[in-house]
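>>> The amino acid sequence is not available; the structure is as follows:
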């Protein structure tokens, strides 16, 4: 994994150390995002000395995740199924840096825009074209800070392999089982589709109040072919044939919602150009909820002592790390109303925004925020 690029990365790190008089790894809170690079393509190799050590041991490629790679307390096929089902929803974010996030359907139907609302959209050489919405990505507030910043982000789904970018075959089969996808007109109020949101949807727990994934799909976890029908539909299209090679598994950021001052968490609404993506993400969400609902209580209890982080460190293909939960939502020192959760799972630059699975909040994972080297633990708040 190491080559000249990793040497250049080390050189930049040493240069910054000389300029600031300190090593960035000694910062009290190092935000895990590659902000020092102005051009993300410089990180095509995405090597770093830390990942060299962790790769294959503490950072496990998703394609290599198996029962043997899990600790004894979690070594069960149902736990593995739960992890893999959540992994399907993990996305890579790319702008001038790399970060991670996880997706869910935020509407009961895909939203169709007769004209793409993105400024300077690269699709169709800038000519008017249709676009779709209704998929939300959760990540860190320090990763995506504004609507203007959101539109610069490319969102890549199913980046599980360096040589491939397509949904798993089981998800294609499940999505195909729903013979048609109902598409609704945009029903958002405000400029560029900005909505009014209930702040309760930011709470991480089972009692969330948001459209789409968490409350509605939970009731339908066993009925994977159900399609909600609450809003006015304007058209339907057949989804009988899913060809992985023809799917456009990317989206662009659109606008931000559910922003709170005391959480490093934000929801980013996306725009995409292949309507089938909505159906596939919805199928992934149903599969995730089914995996948790079918798990015995004893296994759920074991998950309360452990965490699983699924991310794209340095923009690499999907990686999994497992660690211990150190403390759950304790008050952050010196900051009123800010709670932090600590855990020992390995992370690296680009892991920001990754879902942190725990038995405490199975339906809304924690969102990985940063690393505190002084205590050698990772943080979500």
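Yes, it's here. All of these numbers come straight from a predicted model, not from anything done at the bench. Residues are numbered from 1 along each chain as shown.
>>> how about the nearest residue to residue 301, chain neighbours excluded?
Excluding the flanking residues, the one nearest residue 301 by CB to CB, 6 or more residues apart in numbering is residue 359, at 6.5 Å. Placement of C-beta: from N, CA and C, glycine included.
>>> Quick check: the one you found touching residue 303?
Yes. In this structure residue 359 lies within contact range of residue 303 using CB atoms under 8 Å: 3.2 Å.
>>> residue boundaries of the helices in the protein?
4-20, 49-54, 77-87, 147-150, 169-177, 213-219, 276-293, 297-303 (DSSP state H).
>>> All the strands of the stretch 51-200 of the chain, residue numbers only.
Read by DSSP state E, counting those that start in this stretch, the stretch 51-200 of the chain holds these strands, from start to end of the chain: 60-61, 90-94, 98-105, 110-113, 131-133, 135-139, 154-157, 180-184.
>>> State the number of residues packed around the spatially closest residue to residue 62 that is not a sequence neighbour.
Nearest residue to residue 62 in three dimensions, chain neighbours excluded: residue 318, at 4.0 Å (CB to CB, 6+ apart). Applying other CB atoms under 10 Å, we find 24 residues neighbouring residue 318.
>>> thinking again about what came up before, pLDDT wise, what is the residue nearest to residue 301 at?
Residue 359 is assigned a pLDDT of 89 by the prediction.
>>> Same check on residue 123?
The predicted local distance difference test score for residue 123 is 82.
>>> if I pick the nearest residue to it once chain neighbours are set aside, what's in contact with it?
Sequence neighbours aside, residue 273 is the residue nearest to residue 123 in space, at 5.3 Å (criterion: CB to CB, 6+ apart). The contact partners of residue 273, taken as CB atoms under 8 Å, 6 or more residues apart in numbering, are 116, 123, 129-132, 248.
>>> pLDDT weak spots in the chain?
Counting by pLDDT under 70, the low-confidence segments of the chain come to 1-57, 126, 164-246, 331-336, 374-375.
>>> buried ones in the longest strand along it?
Using DSSP state E, we find that the single longest strand of the chain is strand 319-331. Residues of strand 319-331 classed as buried under the neighbour-count rule (16 or more other CB atoms under 10 Å) are 319-323, 325, 328.
>>> quick one, domains of the chain?
Following automatic domain parsing, the chain resolves into domains at 4-86+294-380, 92-292.
>>> circling back to that earlier point, adding distance to residue 293, write the buried residues of strand 319-331 out as CSV.
Listed next are the buried residues of strand 319-331 as CSV, based on distance: CB to CB, whole Å:
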residue, distance to residue 293
319, 27
320, 22
321, 25
322, 22
323, 25
325, 22
328, 22
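>>> and residue 326, what does it touch?
By CB under 8 Å, 6+ apart, the residues touching residue 326 are 342-344, 377.
>>> Of the residues you listed, which is the most crowded?
Using other CB under 10 Å as the neighbour test, these are led by residue 343, with 25 neighbours.
>>> Run a quick neighbour tally on the nearest residue to it once chain neighbours are set aside.
Nearest residue to residue 343 in three dimensions, chain neighbours excluded: residue 307, at 4.3 Å (CB to CB, 6+ apart). Residues lying near residue 307 (other CB under 10 Å) number 28.
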